[in-house]
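Participant: Output the structure for:
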Amino acid sequence: MGGELVNRLPVSEGETAKADSPLHYPKFHEVEGYYIALGMTYEQFWDGDATMVRAYRKAHEIKKDLDNERAWLQGMYIYEALCDVSPLFNMNSKRGTKAHPYRTSPYEFKKPVVTVEDETNEQKEQMNKMLEKMNVFARLHNKKFAERGGEKNG
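Facilitator: Numbering: from 1, shown residues only. Presented below is the predicted three-dimensional model:
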């Protein structure tokens with residue numbers, strides 16, 4: 001009885017039931033094209049592991065983010081190039097109208113490697129600077145205290 005109900009679901013208008021699919025799931029048919037556009041095969045979508053769709057969606061999001069970063073980087077290069085040649089378009093400039101030279105290397109996006117020694121040296125320098133500031137503050141405070149007669153009053 002339950003199988004008959006599932007097999008006899010109506011097909012929505014303009015849609016045909018798949019010949020090789022014994023069951024008709026309208027929602028699956030709606031998203032089938034989306035996942036095939038993401039790179040899944042028909043067999044992977046209908047017969048493969050159901051969790052694959054999650055991986056394809058995640059991969060699609062990653063690809064979109066990478067494409068967005070590439071477009072942004074290209075925009076940075078175009079913007080810089082326009083700024084470099086913009087002096088040529090300023091006809092009222094009394095100074096020379098020379099373009100800035102084109103960048104000799106691409107932007108560097110790698111973060112510099114910081115060693116533990118570098119961090120400890122930085123921390124020591126910061127501590128020394130703070131100690132020097134505290135000493136200056138203490139000297140000024142002691143001087144004001146002495147001028148007010150603080151030594152006599154105890």
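Participant: After the worst-scoring helix or strand of the chain on mean pLDDT, which helix or strand is next?
Facilitator: Taking mean pLDDT, DSSP states H and E as the measure, the helix or strand of the chain with the lowest value is helix 2-7, at a mean of 45. Sequence-wise, the next helix or strand downstream of helix 2-7 (DSSP states H and E) is helix 26-37.
Participant: mind showing which ranges of the chain have poor pLDDT?
Facilitator: Low-confidence segments of the chain, defined by pLDDT under 70, are located at 1-24, 93-96, 114-115, 150-154.
Participant: One more pass at 90, please.
Facilitator: Applying pLDDT under 90 to the chain flags the ranges 1-33, 42, 44-51, 83-125, 137, 139-154.
Participant: could you point out which element follows the helix ranked longest in it?
Facilitator: In the chain, with assignment by DSSP state H, the single longest helix is helix 52-85. Scanning forward in sequence from helix 52-85 by DSSP H and E, the next helix or strand is helix 116-147.
Participant: Against F45, how distant is A55?
Facilitator: Separation of A55 from F45 (C-beta to C-beta, to the nearest Å) stands at 12 Å. Heads up, the C-betas are built off the backbone N, CA and C, glycines and all.
Participant: neighbour-wise, which of these two wins?
Facilitator: Applying other C-beta atoms under 10 Å to A55 and F45 shows that F45 carries more neighbours, namely 20 against 12.
Participant: Just the buried residues of the helix or strand harbouring that one, please?
Facilitator: Using DSSP H and E, F45 falls within helix 42-47. When burial is assessed from 16 or more other C-beta atoms under 10 Å, helix 42-47 yields the following buried residues: F45.
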